[in-house]
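>>> Would you be able to build a 3D model of this:
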Amino acid sequence: MKKSVIIAIVCLLTISISGKAQENLSFLKGEKKINLEYNYDNVTVGKKSEATYCSEKVADYNKKNQGKGDNWLKQWKSNRETAYQPKFEELLNKFLIEKGISAYPKNNDAKYTMTVNTIIIEPGYNIGISRKSAYITIEVVFVETANKDKVLAKKTFKNMPGATAFGEDYDVGTRVKEGYAKAGKEVAKWILKAIK
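The predicted structure is shown next:
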């Protein structure tokens, strides 16, 4: 009995230590640039795959007003580059640049690359009399730029809330964008803690 309890404790400690090791960013000390990439390959929206969510939305909108669904889909996809990524980078770099480090796409000469994998987007809603805040969950993975198969660290940031201060977030892009802002801030804290 005692032996099995000791083995269980050792296993839990090993898991805990390896989890912390995966979050260790000490390799970033002295670095001035981080290459930044984004990945949306396995996103779920609410409890549905992104493909299912989008096809249902397009069909629903087009049924009410032909072409509206197609326009919605273009906006949904373009929000990544026009709203989500710029907001993430804005908040991330707001804190990093103070410490002499920057993280942007196309920093190809940077030794390390940080990939932001979006895992969950909860779009929420706001219809004036009722609302549900949006949130996102992302996984951040660090690799060597020259050898992207070599994972150096990773960490998941769960349920980053997305809502504006005064509730003027009737558009899904506006709500979700704020989730990326919160995520950018939290990722910056993680990096700064490692390099101070």
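>>> Which phi and psi values does the nearest residue to Ser49 once chain neighbours are set aside adopt?
Distances taken as Cβ to Cβ, 6 or more residues apart in numbering put Val43 closest to Ser49, at 7.9 Å, once the chain neighbours are dropped. Bear in mind the C-beta positions are built from the backbone N, C-alpha and C, glycine included. Backbone torsions of Val43, given as degrees, to the nearest 10, read phi -70, psi 140.
>>> close enough to count as contact, Val43 and Glu50?
Yes. Val43 is within contact range of Glu50, at 4.4 Å (criterion: Cβ atoms under 8 Å).
>>> For the residue nearest to Ser49, give me its contacts.
Neighbour list for Val43: Ser49, Glu50, Thr118, Ile119, Ile120, Ile121 [criterion: Cβ atoms under 8 Å, 6 or more residues apart in numbering].
>>> switch the cut-off to 7 Å
Glu50, Thr118, Ile119, Ile121 (Cβ atoms under 7 Å, 6 or more residues apart in numbering).
>>> Pull the most distant pair out of these.
Glu50 and Ile119 (10.9 Å; Cβ to Cβ).
>>> which stretch of helix or strand covers the residue positioned nearest the centre of the chain?
Computing the C-alpha centroid of the chain and ranking residues by Cα atoms, centre = their mean puts Ile138 first, at 3.3 Å. Per DSSP states H and E: Ile138 is located in strand 134-144.
>>> now swap in Ala110 and tell me
Counting by DSSP H and E, Ala110 is part of no helix or strand.
>>> Next one: it from Phe88, what distance?
Distance from Ala110 to Phe88, counting by Cβ to Cβ, to the nearest Å: 17 Å.
>>> ok, now Val58?
In terms of Cβ to Cβ, Val58 sits 26 Å off from Phe88.
>>> quick one, which of the two is more surrounded?
Phe88 (27 against 17; other Cβ atoms under 10 Å).
>>> Tell me the secondary structure of that one, please.
Remark: Phe88 carries the secondary structure label helix [criterion: DSSP: H, G, I helix; E, B strand; the rest coil].
>>> pretty sure it is touching Lys182, no?
No. Using Cβ atoms under 7 Å, Phe88 is not in contact with Lys182, being 9.4 Å away.
>>> Which other helices and strands does the longest strand seen in the chain contact?
Taking DSSP state E as the criterion, the chain has its longest strand at strand 147-162. Judged by 3 or more Cβ pairs under 7 Å, 6 or more residues apart in numbering; DSSP states H and E, the packing partners of strand 147-162 are strand 134-144, helix 172-195.
>>> Make JSON lines out of these and add mean pLDDT and distance to Thr82.
Listed next are the helices and strands packed on strand 147-162 as JSON lines, based on pLDDT from 0 to 100; distance: least, Cβ to Cβ, whole Å:
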{"stretch": "strand 134-144", "mean pLDDT": "96", "distance to Thr82": "16"}
{"stretch": "helix 172-195", "mean pLDDT": "93", "distance to Thr82": "8"}
